[in-house]
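Novice: Got a sequence here, can you build the structure:
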Amino acid sequence: MQSALRLLYPSQCISCGEALAEDFGLCGTCWAQTPFITGLICDSCGAPLPGEAAPGETLTCDECLHVKRPWSRGRAALLHRDNARRLVLALKHHDRTDLARPAGRWLARALAPIRRPGMLIVPVPLHWTRLIARRYNQAALLARALARETGLEYAPDALIRPRRTPPLKGAGRLQRFATLQGAIRLHPKRTGQLKERDVLLVDDVMTTGATLAAATEAALAAGARDVFTLVLARAVKDA
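Specialist: Below you'll find the model as predicted:
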């Protein structure tokens, strides 16, 4: 039966559609155009850093030195450019929910150095009006895929976004932080769910970190023991 299905529906590259031997993968060309983050990275946001570090040394990028992060440690799977940006946009705006499955594997690899036993995976929430318009929360899809990959507990609605904020595209750092201050809160029916837990916040993209900061503050206010962040893609300025 599987062989017959393969003949009718052969596996394809999730980016360009080229035939592949396995499902939910990238062809060689698309893989080369997808900037996975490896090597030396910022321990606060996962952005790549130049040079080398001594074993066990923890480094922080210039942006995270300038903007204090309320969470403890953070990671990212991809740089938000080239094919990674196209994949993120396809997931977020073009109904490519199938991309969450391979993204879950990439996120699990990025998480490994900071993973803690018993972590609770919590997606960054959408305001209900945007959820209705989009029909899904891409952060929740990523968080669920990550939970399947890792076996960690998943709390899909622990946090809510009771206030609709304006689109942040093109906004500066200060405006983003001001707009998102207090915009994310604990779900009133989930009191105690985050208490004394190590919480892992999951989102699709980190730009300035304003959204993750608001979600972290909400988690800490709800009694979380510690908060970590994980995003599919990290936006960084070109050198």
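
Novice: which stretches of the protein form helices?
Specialist: Remark: helices assigned in the chain by DSSP state H are 2-8, 28-32, 62-66, 82-93, 100-111, 128-134, 138-150, 173-180, 210-221.

Novice: Report all helices and strands that the fifth one contacts.
Specialist: So that's helix 100-111. Contact here means 3 or more Cβ pairs under 8 Å, 6 or more residues apart in numbering; DSSP states H and E; on that basis helix 100-111 packs against strand 73-79, helix 82-93, helix 138-150, strand 226-234. (C-beta placed from N, C-alpha, C; glycine too.)

Novice: Show me what stretch 40-60 is in contact with.
Specialist: Residues outside stretch 40-60 that contact it (Cβ atoms under 8 Å, 6 or more residues apart in numbering): 37-39, 61, 63-64, 69, 71, 73-76, 79, 110, 206, 209, 229-231, 234, 236.

Novice: Quickly note the distance from the closest residue to Val205 other than its chain neighbours to Gln181.
Specialist: Distances taken as Cβ to Cβ, 6 or more residues apart in numbering place Ala233 nearest to Val205, at 5.0 Å, with adjacent residues excluded. Distance of Ala233 to Gln181, computed by Cβ to Cβ, to the nearest Å: 24 Å.

Novice: out of the two, which sits in the busier spot?
Specialist: More neighbours surround Ala233 than the other of Ala233 and Gln181, with 26 against 13 (other Cβ atoms under 10 Å).

Novice: Any idea which of the helices and strands packed on helix 100-111 gets closest to Glu22?
Specialist: Glu22 lies closest, by Cβ to Cβ, to one member of those: helix 138-150, at 15.9 Å.

Novice: now for the closest one, which elements pack on it?
Specialist: With contacts taken as 3+ Cβ pairs under 8 Å, 6+ apart, helix 138-150 sits against helix 82-93, helix 100-111, strand 120-123, strand 153-154, strand 198-206.

Novice: let's go with 10 Å and repeat that
Specialist: On a contact count with 3 or more Cβ pairs under 10 Å, 6 or more residues apart in numbering; DSSP states H and E, helix 138-150 meets helix 82-93, helix 100-111, strand 120-123, strand 153-154, strand 198-206, strand 226-234.

Novice: and these as a markdown table, adding distance to Ser44 and mean pLDDT?
Specialist: Listed next are the helices and strands packed on helix 138-150 as a markdown table, based on distance: least, Cβ to Cβ, whole Å; pLDDT from 0 to 100:
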| stretch | distance to Ser44 | mean pLDDT |
| --- | --- | --- |
| helix 82-93 | 20 | 96 |
| helix 100-111 | 14 | 97 |
| strand 120-123 | 19 | 98 |
| strand 153-154 | 24 | 97 |
| strand 198-206 | 10 | 98 |
| strand 226-234 | 9 | 98 |
